[in-house]
Every structure is written in structure tokens, then in C-alpha cells.
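Asks: Have a look at this prediction, sequence included:
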Amino acid sequence: MFDIVADIKKDFIVNLLRSKKRVDNRAFDEYRPIVVEPGVSEKAEGSSLVKIGNTQVMVGVKLAIGEPFSDMPDLGVMMTNAELNPLASPRFEKGPPDEDTIELSRVVDRVIRESKCIELEKLCITEGEEVWIVFIDAHILDYDGNLFDATALGAISALRNTRFPKVEDGRIIYSEKTDKKLPVVDRPVETTFAKIGKDIVLDPVLDEELVLDARITIGTNEKGDICAMQKGGDGTFTQEEIIDLVNKSREKSEELRKLV
Amino acid sequence: MTRRMVIPGEFITDKKYNLGEGVYREKDGIYSALMGLVDEKENYIRILPLRGKYMPKVGDFVIGNVREIFFNSWELDINSAHNGILNADDYYKEIDTFNEDLLDILAPGSSVFVKIREITHSKKVYVTMRERGARVITGGRLLKIIPTKVPRVIGKQRSMISMIIKETRCNILVGQNGIIWIDGKPEFVNIASRAIRVIEKEAHNPGLTNRIRNMIIKEREEL
């Protein structure tokens, strides 16, 4: 995803930020309107559609029975995958996942896994032989910046909406769902900040993402503990900036958490 | 007169017409290939698409953004499926390509207002700056609109665009590829870009020029 941005466009965004304004007239620490619709897909065990402004992400959760990892015989397995659909943006190509796709799925995986929001020990059926495997699949439907927050929000919303399918003689009947919910005990979310010049903004739109110097994604759980972090871009953050952003992130995460 | 709206594959008419853009002929009549409004003239028929990417046409002025540099040419992003090529010979003044580096003249990220000179069979789009009005663009602000709405932004005999230029005292260049450049006082640039967004949204409504003029005058008074 290599793009050359017109100098005029970059200068315009940077100058605008210097006069404390943004391209879409938002405050520096304000999200675009967020819509979360859980349960959009009937075929998946859990699903959610998240819109942050014009960015749109659909996340589905599938459950399957399989073998556990040999070093964790009594724990369920969780896997995250992201798909940057070519329909979402001219910048996305089909084919094997590129680094941005892998980064997105790993950062979302990290916040879900490290917050321990899924009680994996409850997903064990017989130790060392059979456990439930949770697949989290994120599909990017429309790209206008800030995929991390949208996908992480979609993932936790879909997980909370997941119900186990019916099992008969060790075989799963996907067409019938039971009332038993996936054991999800926390609501971790991610917030992304972009640094453009000397200014730091929350929830960058595509135009801002194209010209950013550095970005940082901070994932926190309900208690406010940091459970994931990812920095991107060529630029740098100072120590004070990061501490400040972590505090801001905690504050903003509460807003996101109300939606799931 | 309201025009009929059609979707791709929809039957339009069995009358004999010359085919314009966005239509094709089958045994029993003429069908639409695009989503848009039917434009029936005396002897020919075409579709005015509602949306779409820009298809380069010889003679169009477009705004391009330099994305790559070769030994004696630049490759431009012209907001289309095809890239524009600006040969060093087509730059507005002589360049000695053996001694001068094209990077020093136009670096990646620079914007230019150019005319499409030639399109080859293999869809190579050659553009030129040796034309009245063509220039290198610096400063100001770029706006991207849906390319099919460009004629409405310009208006009949440039009525709309010259009105906006007059009322906002901005410099405006409209590329046929849907990229618009505005330069002037920041407040006026904001007014002009808001006006263009309104035109893009309400392109099909009649009497737009006067409404936009009133809107600009009103916003100007509020400053």
C-alpha cells in the first residue's frame, strides 16, 4: 500500500492541524460517529458490523472442534484473521495477505488474547484431545482510515454475541444454535492516535493516515490495564506523549465500551 | 424534462439510433451498459452515468500528481485506471535531459494542470504542458469530486465556475478527472469548497447557479 500524496494535500492537512482544526471539523480527541450492529450474519456463530464514519468492518466468529496445542492441552484455541477486500479501497489487492493485513490481524488478536477476555479453559472438552477453536474473521468492507479500532471493536462485539452450535455425537450441527454463550468476561478495545507534524489526533481518517508521521494503537481492558500496543510509521513519540496518550486512551475506551 | 433512469443490462428502446457512450446494441434493440440517465438526441442515444471513474479523453484538461520519474518522462496519477505520461519534451520549457535531473524539476508529490495530447491504442495517455493554461500547481488546496459531476461544476458556458470564482475571489482550476484546485484566502477557499460539495450532491437539480450564488453571498456576510 504505497501511495504518493500530493504535496498540496499534505501541506493543507498539516497547516490545518497547526491552526487546531481537522479536515472533517472534529476535535483532536473526538471519534467519528460509531455504529455497532451485532448479529448481522445468521450463518456465523457470532457477528458484528462496525462503522466508524465511512470505515466499515464486518467481523464473524466461527466455532469448530479440534485438537489443542500440545503445550496447552487444557486450553481452547483462538485465531484471528483479517481480509482487506479489494472492494473496500483501490489500494487493496487480492492475493496472499500483505504486511498491513497481517499487522491488523495480529494487533486485534493481541488485544483479545492478552486481555484474557475469552476464558479459554472453559473451551476444553477433553483434555489433550478435543477443544473448541474460535475463529475470528474480520472483513474490511469500506476503508476510510482507522481499521484497528473498528476491527477490535467488531471482534469483541461479535465475541459477546457468539452462541455455541448444537453438538450431536461429537459432530457440530451449525444450522442449530444453543443458548449457551461463549465465556467472554472482559471488553477490551483499542484506540489509535496519529502524529502529524507535532500534533496528535485520535481516530485518523484516510487522508490523515496517508500523511501521518507515526501512529500508536493502545488496547486496554475494562480495568484500564494496557493489554496491547502497536506503533507504526517512521516518526517518533516522546515518553511524555505516550504516557499522556495512554491516559487519553483509557478515557476514550470507556466511550467505545458503552457500545458493546 | 425528467430523464429515464436505467441499470446495466436494461432494455432502452427498439428505435434506430447511433450509439453514444454506455449503450450497446442487441438483435431486438438498444441496451444500457451503465447505471445512469438516458439522454436521447435526434439521431443518437447515450447514458449519462451517475457515478464512475474518469476515462481519459484527448483534449481534456486534468490535474495530475507526479508519482514516478523516468529518464525523460514523469508518470502522473490522473485519478483514472490509466496513468498519464508527461514527456520531458512536453514540459513548458526546454529541458536538457542529459544534464538536468527531472527530480529537480518536478518531484513526486508535485501537482500539474495538463492537457491530454494523445491516447494510444494500448491506452497510454500522453499529456502536455505546452498549452495555454497548463501549469505547475503550488499552494492552495485539492478537492476530489465524482468525475461525472464535473460538467455541472463548470456549468453551461462556464457559468457556474466563473460565478464561484467571481463571488469568492479564489483561483480555481477544474480538472475533467474530478480533481479541483482552489487557492485564495483560507475563509473563501472554505466557502468555495463547500459550494462545490453542494453542487456535487445536487447536480441534477435545476436552478442551481442562483442558489449557490445566494449561499456564497450569505456565507460571505457571516464571516
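Replies: Happy to help now that I have it.
Asks: Stretch B:173-189 close to chain A?
Replies: Yes: against chain A, stretch B:173-189 shows contacts by CB under 8 Å from any CB of the partner chain at residue B:181. Just so you know, the C-beta spots here come from the backbone N, C-alpha and C atoms, and that holds for glycine as well.
Asks: Buried residues, that stretch. List them.
Replies: Within stretch B:173-189, the residues that qualify as buried by neighbour count (16 or more other CB atoms under 10 Å in any protein chain shown) are B:173-184, B:188-189.
Asks: Point out the residues in chain A that sit beside chain B.
Replies: Counting by CB under 8 Å from any CB, the residues of chain A close to chain B are A:4-12.
Asks: ranking those residues by neighbours, who comes first?
Replies: Each of the residues of chain A next to chain B was scored for neighbours by other CB atoms under 10 Å in any protein chain shown, and residue A:6 scores highest at 23 neighbours.
Asks: Surely that one is in contact with residue B:111?
Replies: Yes: under the criterion of CB atoms under 8 Å, residue A:6 makes contact with residue B:111 at 5.0 Å.
Asks: Overlap in contacts, the two.
Replies: Any residue near both residue A:6 and residue B:111 by CB atoms under 8 Å, 6 or more residues apart in numbering or on different chains counts here, and that gives B:65, B:142.
Asks: Point out the ones among the residues of chain A next to chain B that are inside helices.
Replies: Counted as lying in helices by DSSP state H, out of the residues of chain A next to chain B, are A:7-12.
Asks: Pipe the residues you listed into JSON lines and attach pLDDT per row.
Replies: Output for these, formatted as JSON lines (pLDDT from 0 to 100):
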{"residue": "A:7", "pLDDT": "87"}
{"residue": "A:8", "pLDDT": "89"}
{"residue": "A:9", "pLDDT": "88"}
{"residue": "A:10", "pLDDT": "89"}
{"residue": "A:11", "pLDDT": "89"}
{"residue": "A:12", "pLDDT": "89"}
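Asks: and the two most separated of the residues you listed?
Replies: The span of these, defined through CB to CB, is set by A:7 and A:12 at 9.4 Å.
Asks: SS state for the residue of the stretch 151-260 of chain A found nearest chain B?
Replies: Chain B sits closest to residue A:207 of the stretch 151-260 of chain A, with a gap of 9.8 Å, by CB to the nearest CB. Secondary structure, DSSP: H, G, I helix; E, B strand; the rest coil: residue A:207 is helix.
Asks: Quick check: the residue nearest in space to the middle of chain B vs residue A:122, distance?
Replies: Among the residues of chain B, the one closest to the centroid is residue B:176, at 1.6 Å (CA atoms, centre = their mean). Relative to residue A:122, residue B:176 is positioned 61 Å away (CB to CB, to the nearest Å).
Asks: Show me what from chain B comes close to chain A.
Replies: Residues of chain B lying near chain A by CB under 8 Å from any CB: B:65-67, B:77, B:108-111, B:137-142, B:181.
Asks: now, which of those sits nearest residue A:143?
Replies: Using CB to CB, residue B:77 is the member of the residues of chain B next to chain A that sits closest to residue A:143, with 18.0 Å.
Asks: Ramachandran angles for the closest one?
Replies: phi -90, psi 110 (degrees, to the nearest 10).
Asks: what about it, neighbour count?
Replies: Counted by other CB under 10 Å, the residues lying close to residue B:77 total 20.
Asks: again with residue A:245
Replies: Number of residues near residue A:245 (other CB under 10 Å) recorded here: 21.
Asks: Please apply the same query to residue B:75.
Replies: Around residue B:75 there are 18 residues (other CB under 10 Å).
Asks: OK, contacts around it?
Replies: By CB under 8 Å, 6+ apart, the neighbours of residue B:75 are B:66-69, B:83-86.
Asks: looking at the sheet around it, what are its partners?
Replies: Residue B:75 forms beta bridges with residue B:68, residue B:85, as assigned by DSSP bridges.
Asks: got it, and residue A:65?
Replies: Assessed by DSSP bridges, residue A:65 has beta-bridge partners residue A:132.
Asks: Is it correct that it is in contact with residue A:125?
Replies: Yes: counting by CB under 8 Å, residue A:65 does reach residue A:125; the two are 6.8 Å apart.
Asks: any shared contact partners between the two?
Replies: Residues touching both residue A:65 and residue A:125 (CB under 8 Å, 6+ apart) are A:131-132.
Asks: In terms of neighbours, single out the busier of the two.
Replies: residue A:65 (16 against 13).
Asks: ok but the residue nearest to the centre of chain B is inside a strand, no?
Replies: No: Residue B:176 is assigned coil when assessed by three-state DSSP, not a strand.
Asks: The residue nearest to it when sequence neighbours are not counted: neighbouring residues, count only.
Replies: In this structure, residue B:176 finds its nearest non-sequential neighbour in residue B:60, 4.0 Å apart by CB to CB, 6 or more residues apart in numbering or on different chains. As a burial measure, residue B:60 scores 18 neighbours (other CB under 10 Å).
Asks: Quick check on residue B:60: phi, psi?
Replies: phi -70, psi 140.
Asks: The one 10 residues further on now?
Replies: Listed backbone geometry of residue B:70 is phi -110, psi -170, with angles given as degrees, to the nearest 10.
Asks: so who does it touch?
Replies: Listed by CB under 8 Å, 6+ apart, the contact set of residue B:70 reads residue B:102.
Asks: Quick check: it vs residue A:198, distance?
Replies: 36 Å.
Asks: And for residue A:168?
Replies: 62 Å.
Asks: Ok, residue A:19 next?
Replies: With the distance defined as CB to CB, residue A:19 ends up 13 Å from residue A:198.
Asks: neighbour-wise, which of those two wins?
Replies: residue A:198 (10 against 7).
Asks: Okay, strands next: where are they in the stretch 101-250 of chain A?
Replies: A:124-126, A:130-142, A:163-168, A:171-181, A:189-196, A:199-202, A:214-220, A:226-233 (DSSP state E, counting those that start in this stretch).
Asks: what's the burial count for residue B:17?
Replies: Neighbours around residue B:17, by other CB under 10 Å: 19.
Asks: can you list the weak-confidence ranges in the chain?
Replies: Since no chain was named, I'll use chain A. Applying pLDDT under 70 to chain A picks out residues A:1-2.
Asks: Hmm, no, I was thinking of chain B.
Replies: Along chain B, the parts satisfying pLDDT under 70 run over B:1.
Asks: Which of the three states applies to residue A:26?
Replies: Three-state call for residue A:26 (three-state DSSP): coil.
Asks: how close does the residue nearest to residue A:40 when sequence neighbours are not counted get to chain B?
Replies: Among residues not flanking residue A:40 along the chain, residue A:49 sits closest, at 4.6 Å (CB to CB, 6+ apart). Look at residue A:49 and chain B: by CB to the nearest CB, to the nearest Å, they are 23 Å apart.
Asks: Return the residues in contact with the closest residue to residue B:97 other than its chain neighbours.
Replies: Excluding the flanking residues, the one nearest residue B:97 by CB to CB, 6+ apart is residue B:72, at 4.7 Å. Listed by CB under 8 Å, 6+ apart, the contact partners of residue B:72 are B:87-89, B:97, B:102.
Asks: gap between residue A:60 and chain B?
Replies: In this structure, residue A:60 and chain B are 29 Å apart, going by CB to the nearest CB.
Asks: Kindly report the same for residue A:71.
Replies: Distance, residue A:71 to chain B, using CB to the nearest CB: 48 Å.
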